[in-house]
Structures are given as structure tokens and as C-alpha cells.
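Colleague: this one's sequence-less:
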């Protein structure tokens, strides 16, 4: 503050300049040595005193750069197979002492504790070890103790110390050292501290979730380190971010960045196609399938999927579970679509599809996906197991006098797979391995059925011989009656209504067959 008469003027830049700190000493102890050499050489050129342990100490010595072993500072050797290296007051005191605190200065001198201005420490690869299928003992040994403690200590004392907790931050540190000649501002140190606490919290969450696989402690802890800022959220006035590693999930071959709405449709598409083993093509719009067909060739599967609703297919997301060949690509290229997903593409097919520069073309990589899902709700988060139940013929319980034929059973199972991936309330109509129409997201099951029938008829489909699937039971016989009058003679539903008998009785009286699965497939 500068006071002049009655005027008080604040000059914040003075305090900011006073918080610039020059790095004079550094503790470096890392598991990964990638790209570490330039950092070490730069610190040496700036006259920074280096401290280190174990493999990192040997790494620095091989560079012929002076380095002091931590145990020469602590006068205590590494013990218990390296489990205890840096956990000592001489090290943590050097990190945590407050440089401008007279009491801390006095104690530091009394105990001959050296300042440590920069800490470069990463963590044992716990998640990678778990993912490798290692033994429980090997996994436990990869729970870092000293590293996590050093990271938290240095981040806590960001007023005086720079903390680098990941090799991903080496380039930023290198730039800082070069541009500011070994100094750092409070903003630099606070930013690195925030990153460090992100590292430590993610690590602890991973450890908790590993242990909680068997303990089932009811706590929600999820941490994702990678993120991608989206153009916007569901609407242009909303911000959007994807947290995750899209590059692991997909190889992108063409097009613009995926939008928030694209990602929702892509997720729905990936989940749907996972339920089909035969050559299948699906077209989705607003998270619902508007066209699906299983055929002997992927070209015919696409053509029949498109025929299900060529209007809604405009601007949709397309997905196939077989490689896209030139014949299929030529057909797809006639349609404006946002995204195409497939296991692969023939070279000539890819050339055709790339003719539209904004069209997003993705190869779906083989990657394990979580078996749980969650979303924000009210003032918390709701979590559940994913609906991974896919019925087979063995799950079907005939409940009517008439039983479905072999071809009807095939269609019933096909339709039931689609019901599972369609917004409730839903009714799906199918025939010969093709989605004819679906009623989606209706407040009434009757309305869903009427919507599906009207849509199928609008696109010229003959419903005689078609099958009907419902995501939940029929509370009244009205749906089977409406279906019967439209020409549908085979029905699949979970059952479980106190009035199931009324629907069964109607089917028996009108020569319809019905099977029950015992499994509801709501999707909200």
C-alpha cells in the first residue's frame, strides 16, 4: 500500500514480483526417465544443486552431472527393499519449511536442513500394474508411499516450491526454466501444485477402487485424467467437456471434432452394435436406432437399415460390425451423415468416404469398457450396473397355446436386442432381421405402439408376419389387440403384470404367440 494524503493506492504487481523465486536446489526421483535428460542438463547449467535416489541417482551420474544422494543428507540408508527412501525430516523439512518464517529459518539452521526448491517426482505405475493382470503382491508393491508424500508436501508449500508430479509436465518445466532463467512466479507454482493434487487424488482413487472391488464400500470415487474441451454442450449456449481418452477408443481417419451430441449418439451406437455378431448395420439419431438390419453382406445390411427410416437417417450416426467395402461406401456416400464407425475400411472405400471433408470417420478399437454407468442427479450421482443382459432362445418362455416359428424366434430375439437400446417406453417392430419401426420415449406403451405402426406403414412396410417387442410388461391387453389388428402375430415381452393373463388370453383367442423373458429393459 502507498498512502498519499487521504488516497490509498494498491500496487499488486509489487507483491507478485516479490513472490518470484529462483530454483537453487532440486530433488529428482522418478520411475519414468523419459525426456528427463534435457531437464537435468538445464538445471545443471543453471547451477541448481541436485539430490536424488536409486535409479534416478544412477541416471544422473551417467550424465556426468554432480548429484547428491539423499541418504547422505539423511545419514540414513534406503531400507526395506527401497520401501523407505525419502521419508525423513531432513528431506521433508527442506520442502515444507516456510522461507519467510523466522521460526522455520531458525529450526532449519539448527538441524542443518537444506532447502529444496524444486521437486520432480512421479508415482509407481499402480494402474498399469493392475491392468497387466499382475499378482496381488506385485500390485500392492506398486502403491507409492514416498512419492505421494513428496508430491503433497511440495504442492502444499507452493509459496516456495515448484512441484512436477508427472513426465507430462516436463515440457512446461523446460519452458519455464529457459524463459525465466530458473525462476518461477507464484502463478507458476500454484498451477503446478493444482496439477500435483490432481495427480495424487487420481492415484488414491485408483487404489481405493481396486480394493473396493471386493469390499463394496458405498462411496463414489471416479477420476479421469484426460479431457477434451468440446465446441459446446448439448446446445450452443452450454459449455461441454469430454473426460476420457477418445484416442484409445477410436482411430480417427477423417472429419471435424466430435461434438457433445455426436458423442451421445456414438455411445449409443457402440452399445447397440455390441449385441450383434452377424453382419449388422445400424443408423442412430438422438440416441435411438432409426434403422438396423442384419444381413449376409454389410452392403445389404446398410441398404435395409436405411430403408427403415431414410428421413431420420439424414445427419445420423452410422455403425457397422464389419469392414466397409467399396460397394457399401458408394451407397453411404449418397447420404449426409455426421459419423461413420466400423472395425475397418478398405482403401478404396475410405477414399470415397473421405470425399466429404467434415464427415467423421472412425475405426472402433478393441478396448475394455466399464460395466457400470453413472450420471449426475439432483445434488449427487446415481450409479448402476450396465444392462448387459442379452436374451437367447433359452431365455424365452412360451406362455400361449401357439408357439413362434424358428424364423419368428430369430426376429423376436433381434427385436428384443433393439428394445434394450431404445428410450422407454418403447415398442419395436421387426421382420426378417430388419427394424421396421419403433415407438420411442413415449409416456404410454399404447402410444409407442401406435407410433411404431404408423411409422412402419408410412414407409410402406407390410406388418403381416412382423414381430413386436416391448421393453416392459403390458399392463392391459390393449397393445396385443392393436398389434393383432395390424397383422403382427408374435410378441416378446418381460411379463410380470398382475394382468398378464388378459394379454395371454387375447393372444390365445386370436392365434397369436407370446414369449416372456422375465427381464425388463427400461432405458431412460
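Modeller: That came through fine. From a predicted model like this one, the values you see are computed outputs, not experimental measurements.
Colleague: for the protein, which helix is longest?
Modeller: For the chain, the helix with the greatest residue count under DSSP state H is helix 186-215.
Colleague: for it, the distance to its chain's centre please.
Modeller: 17 Å (CA atoms, centre = their mean, to the nearest Å).
Colleague: Beyond that helix, next helix or strand please.
Modeller: strand 227-229 (DSSP states H and E).
Colleague: Who are the packing partners of that following strand?
Modeller: strand 241-243 (3 or more CB pairs under 8 Å, 6 or more residues apart in numbering; DSSP states H and E). Every residue, glycine included, has its C-beta placed from N, CA and C.
Colleague: ok, the strand it packs on: who's next to it in the sheet?
Modeller: In the sheet, strand 241-243 lines up against strand 227-229 (antiparallel) (DSSP bridges).
Colleague: How far does the strand it pairs with sit from its chain's centre?
Modeller: So, by CA atoms, centre = their mean, the centroid of strand 227-229 is 11 Å from its chain's centroid.
Colleague: for the stretch 201-350 of the chain, what spans make up the helices?
Modeller: Counting by DSSP state H, counting those that start in this stretch, the stretch 201-350 of the chain has these helices, from start to end: 246-249, 260-273, 298-308, 326-332, 347-353.
Colleague: Make CSV out of the ones you listed and add mean neighbour count, distance to residue 217 and mean pLDDT.
Modeller: Formatted as CSV, those follow (neighbours: other CB atoms under 10 Å; distance: least, CB to CB, whole Å; pLDDT from 0 to 100):
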stretch, mean neighbour count, distance to residue 217, mean pLDDT
helix 246-249, 14, 28, 94
helix 260-273, 20, 28, 97
helix 298-308, 22, 45, 98
helix 326-332, 19, 48, 97
helix 347-353, 16, 48, 97
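Colleague: got CSV for these, with distance to residue 163 too?
Modeller: Output for these, formatted as CSV (distance: least, CB to CB, whole Å):
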stretch, distance to residue 163
helix 246-249, 27
helix 260-273, 33
helix 298-308, 52
helix 326-332, 51
helix 347-353, 46
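Colleague: Just tell me which of the ones you listed ends up closest to residue 443.
Modeller: helix 260-273 (20.8 Å; CB to CB).
Colleague: Output the contacting helices and strands for that closest one.
Modeller: strand 280-285, strand 288-294, strand 316-320, strand 337-342, strand 360-364.
Colleague: State the distance from the closest residue to residue 472 other than its chain neighbours to residue 397.
Modeller: In space, and not counting its chain neighbours, residue 472 is closest to residue 520: 5.0 Å by CB to CB, 6 or more residues apart in numbering. To residue 397, residue 520 is 14 Å away according to CB to CB, to the nearest Å.
Colleague: Which one of the two is surrounded by more residues?
Modeller: Taking other CB atoms under 10 Å, residue 520 and residue 397 do not tie; residue 520 has more neighbours (18 against 11).
Colleague: Tell me which of the helices and strands packed on helix 260-273 sits nearest to residue 387.
Modeller: Counting by CB to CB, residue 387 lies closest to strand 288-294 out of those; the figure is 15.3 Å.
Colleague: buried residues in the closest one?
Modeller: Neighbour counts over strand 288-294 (16 or more other CB atoms under 10 Å) mark 288-294 as buried.
Colleague: and residue 439, what pLDDT?
Modeller: At residue 439, the model reports a pLDDT of 96.
Colleague: Identify the residue spatially nearest to it, adjacent ones excluded.
Modeller: residue 448 is the one closest to residue 439 (CB to CB, 6+ apart), at 3.1 Å.
Colleague: Is the one you found within a helix or a strand, and which one?
Modeller: Judged by DSSP H and E, residue 448 forms part of helix 445-458.
Colleague: looking just at contacts, which helices and strands does that helix meet?
Modeller: Taking 3+ CB pairs under 8 Å, 6+ apart as the contact cut, helix 445-458 packs with strand 427-431, strand 434-439, helix 478-486.
Colleague: Sounds good, over and out.
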